[in-house]
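J.: predicted model, plus sequence, below.
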Amino acid sequence: MLLPMRRIDVIAPHRQLQSVLRLLHRVGVVHLVPFEPPAGPGATIFDAYPSSIDTSAEQRCLDWLSELATWLGPAEVRPVPTAELWALDQHSLNERLTAMAQVHRLAQELATERALAQAERSGFERLRELAEGLRRTMDRLPVPPGYGVAAVVLPSRVRGALDALCDEVTELTTGRCGMVVCDLDPDRAAGVIVYPTRYGGDLQRLLGGRQVDWYAVPEGLACVPFDELLPKLTEEVERSRARADRTQTGLAALAAEHASTVAALQLVLGDRVSEAKAVGEAGASDHIVVLSGWVPAHRLSALRSALGPNVAVAERELTRGELEGAPVALENRRVIRAFEPLASFVSFPRYGSLDPTPALALTFPLFFGLMVGDAAYGLLLLGLLVWAHRRWRGRPFMSVLWPVGFLATVATIGFGILYGEWFGGTGRAVLGLRPLWLDRQEAIQSLLLLAIGIGVLQVGLGLALGAVNAARLGQRRNLVARATQLTSLAAILVVLGWMAAFVAPPAGCAALVVLGIGLVILAATLGLAGPVEMLTIVGNVLSYTRLMAIGLASVMLAVVANRLGELPGSLLLGLAVAGSLHLLNIVLGTFDATVQGLRLHYVEFFTKFVEPGYVRYAPFASALDLANRGLGLSSEGGP
Amino acid sequence: MDEGIRFLAAALAVGLGAIGTGWAQSRIGAAGAGAIAEKPEVTGTILVLLAIPETMVILGFVIAAVIVFVH
């Protein structure tokens, strides 16, 4: 259901602007919009609020806190510190921020130390990998004192470039160098250069100008014989890892103590910035300020009582055109609410139109069950869902996945029983199950007709809802078009029935006449696109045959899985083969049924009646309120 | 012979529809992936656009079913 909204003006004396904004923020039900003076002679006395509040200091603090939060890692937002900080005045809040300076400094030191240790470890690991690749080659390459070692790594396809590089290094060091080329792996070749250390800078400049990966052994390890280098590098890698771990432990300890406070400070400071910015939305006369917005009708009285007697809340009378700009808020019962993100995934319904969520909640699980339709698959999916529900209890995505998945899997089990399917035909062979309604392997034509029948019903319902929507929104042309399309669709069905000899010829002739008149009306209301759209509607109806096609593919794959499982002589091997294919079938079936079930709603059904919306209801709500809502707590003092 | 031609016709109806759908989806998918990379908020619209050509193979399937089952 779309909530009815009211356009309001909150009127208060000039000096109370800050406190009223704070109250509105705390109550969290008003969707603020820029103030526009009402039409009439009074309009001239209002103007934009004369001053704005500089938020640059708060923004800098937010950046500073954001940096600290990044070092500390993700933290749980606890409403207690948020509530405590939210109640503070600006001076006390600044004191709390100042107290964080020491934590910031410590976290910065630790984060820098961690980054250095990680970079060092990465460098040593690369060297170790190279040294392992070069082990055989380096055994042949003596490194005398006063000489350094560098390695160049290139893709094998340009291995020839190493010879040219060798010539250049020879020229640079006037022949006092050695180079050995070897293959590191099938894709990479390396050139190991032994050079007098006094040419190190020149060599670095020479190689730095080329697009090659080159590695220099660190100074401390330059004179280490190669056979000792690998263990030394391993030691260095472990040492760097231990250093990185130590700093990480320090950061974790710091995060355990301060991360939730930092997160709360970010939220509260963000609130202060929002309040300051909201001042720019206000209008003002010489004596009063006005804040405009939208509020759900059922919360208006609670808002009035929360603001108190000194603040007036005036409701505006709006025309139908002005109401079109109202923000849209959906409110449904608990189970149906889970389908709201799916229903509004493609487009959000316009204010005043119908909410498609209940229709989706009713038919999506049925479509899913109709397509997968196997009791064993349904039970397996239900088990997986229960496990996921326990594993990720309380996570936001579970509030959608659990109800939607539960209904879909229950429908799958139900249709599985109706089809008599348990891992395809296994139920019949082993458990003696029999189809209670349709045998999907045999009743292909019946299922095809059933799918088309569902298409007729849902597309017809969509057109009827489209007509209702058009009537509610006052769109006469659209109302005529939708009603005509619905009538023409019925006429087409009768004509088809006549062709199949199910309907008497007079009725068929009458339907043909109705269809002709309908096409003329459509051409008159929608132009040339009108009759063409009628063809699209027929295509939409036929599109529902995918319900049967995907179901048939699913059951046939299950049959193939069982047949292949019977082929090997070994029971275990047969179970493994059949189990793998059934698993694949479950994955494919779940994915296909979800995507195609949603697609049928988005493309074939919703396009007939969902009027795309413009603005989602986004109340001016404080972080405290949002933190409480996230934990399922009621907002203290809120309506 | 007639039976064979009927099955061939049914296979062509589904097969050609599937080729058309696959080709259209490849073009839409490639363009859609680029669009989503730049504007993630268009994911829903792209998903719908990607699903639209499937109607071709479904209609091919219906024709095939008519060829096979309706004498």
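T.: Okay, I see it.
J.: for A:Ala623, which residues are in contact?
T.: Going by Cβ atoms under 8 Å, 6 or more residues apart in numbering or on different chains, A:Ala623 touches A:82, A:86, A:267-268, A:270-271. C-beta coordinates here come from the backbone N, C-alpha and C atoms, glycine included.
J.: over to it: give its phi and psi.
T.: Main-chain dihedrals, A:Ala623, degrees, to the nearest 10: phi -60, psi -30.
J.: ok, then the element right after the lowest-mean-pLDDT helix or strand in chain B?
T.: Using mean pLDDT, DSSP states H and E, helix B:43-51 stands out as the lowest-scoring helix or strand of chain B, at a mean of 80. Next helix or strand after helix B:43-51 toward the C-terminus (DSSP states H and E): helix B:54-69.
J.: mind checking which helix or strand A:Glu228 is in?
T.: helix A:226-278.
J.: tell me the strands beside the helix or strand following that helix, with direction?
T.: Downstream of helix A:226-278, the next assigned helix or strand under DSSP H and E is strand A:283-284. Strand pairing for strand A:283-284, determined by DSSP bridges: strand A:47-48 (antiparallel), strand A:288-296 (antiparallel).
J.: okay, now the unreliable bits of chain B?
T.: B:1, B:71 (pLDDT under 70).
J.: can you list the residues of it near chain A?
T.: Listed as neighbours of chain A in chain B under the rule Cβ under 8 Å from any Cβ of the partner chain: B:44-45, B:47-48, B:51-52, B:54-55, B:58-59, B:61-62, B:65, B:69.
J.: next one: stretch A:354-363 to chain centre, how far?
T.: Relative to its chain's centre, stretch A:354-363 lies at 21 Å (Cα atoms, centre = their mean, to the nearest Å).
J.: please export the C-alpha coordinates of it as PDB.
T.: Provided in PDB are the C-alpha atoms of stretch A:354-363 (Å, rounded to 0.1, in the frame of the first residue of the first chain):
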ATOM      1  CA  LEU A 354      -1.400   1.100  -7.000                       C
ATOM      2  CA  ASP A 355       1.400  -0.700  -5.100                       C
ATOM      3  CA  PRO A 356       2.400  -3.800  -7.100                       C
ATOM      4  CA  THR A 357       4.000  -5.500  -4.000                       C
ATOM      5  CA  PRO A 358       1.000  -7.600  -2.900                       C
ATOM      6  CA  ALA A 359       0.500  -9.000  -6.400                       C
ATOM      7  CA  LEU A 360       4.200  -9.900  -6.600                       C
ATOM      8  CA  ALA A 361       4.100 -11.500  -3.100                       C
ATOM      9  CA  LEU A 362       1.100 -13.700  -4.200                       C
ATOM     10  CA  THR A 363       2.300 -14.800  -7.700                       C
END
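J.: tell me the angle the helix holding A:Glu228 makes with strand A:288-296.
T.: Interaxial angle, helix A:226-278 versus strand A:288-296 (axes from the mean of the first three to the mean of the last three Cα atoms, to 10 degrees): 110 degrees.
J.: what is helix A:226-278 packed up against?
T.: Applying 3 or more Cβ pairs under 8 Å, 6 or more residues apart in numbering or on different chains; DSSP states H and E, one finds that helix A:226-278 contacts helix A:17-27, helix A:56-72, helix A:79-86, helix A:90-99, helix A:101-138, helix A:623-630.
J.: if we can go back for a sec, name the member of the residues of chain B next to chain A with the most neighbours.
T.: B:Ile58 (25 neighbours; other Cβ atoms under 10 Å in any protein chain shown).
J.: show me what contacts that residue?
T.: Taking Cβ under 8 Å, 6+ apart, one finds A:542-543, A:545-546, A:549, B:17 in contact with B:Ile58.
J.: grab the nearest non-local neighbour of it.
T.: Leaving aside its chain neighbours, B:Ile58 sits nearest to A:Arg546 (5.1 Å; criterion: Cβ to Cβ, 6 or more residues apart in numbering or on different chains).
J.: so how far is A:Tyr351 from the one you found?
T.: Distance of A:Arg546 to A:Tyr351, computed by Cβ to Cβ, to the nearest Å: 33 Å.
J.: more crowded one of these two?
T.: More neighbours surround A:Arg546 than the other of A:Arg546 and A:Tyr351, with 27 against 23 (other Cβ under 10 Å).
J.: that one against B:Glu54, yeah?
T.: Yes. At 7.2 Å, A:Arg546 and B:Glu54 qualify as touching, with contact defined as Cβ atoms under 8 Å.
J.: quick one: the longest helix seen in chain B to helix B:54-69, angle?
T.: When chain B is parsed with DSSP state H, its longest helix is helix B:2-38. Per the same axes, to 10 degrees, the angle that helix B:2-38 makes with helix B:54-69 is 170 degrees.
J.: run the angle between helix B:2-38 and helix B:43-51 for me.
T.: Counting by the same axes, to 10 degrees, helix B:2-38 lies at 160 degrees to helix B:43-51.
J.: just the buried residues of helix B:2-38, please?
T.: Neighbour counts over helix B:2-38 (16 or more other Cβ atoms under 10 Å in any protein chain shown) mark B:10, B:13-14, B:17, B:21, B:24-25, B:28, B:32, B:35 as buried.
J.: quick revisit: now do the shared contacts for A:Arg546 and B:Glu54.
T.: With Cβ under 8 Å, 6+ apart, A:Arg546 and B:Glu54 have common neighbours A:Gln596.
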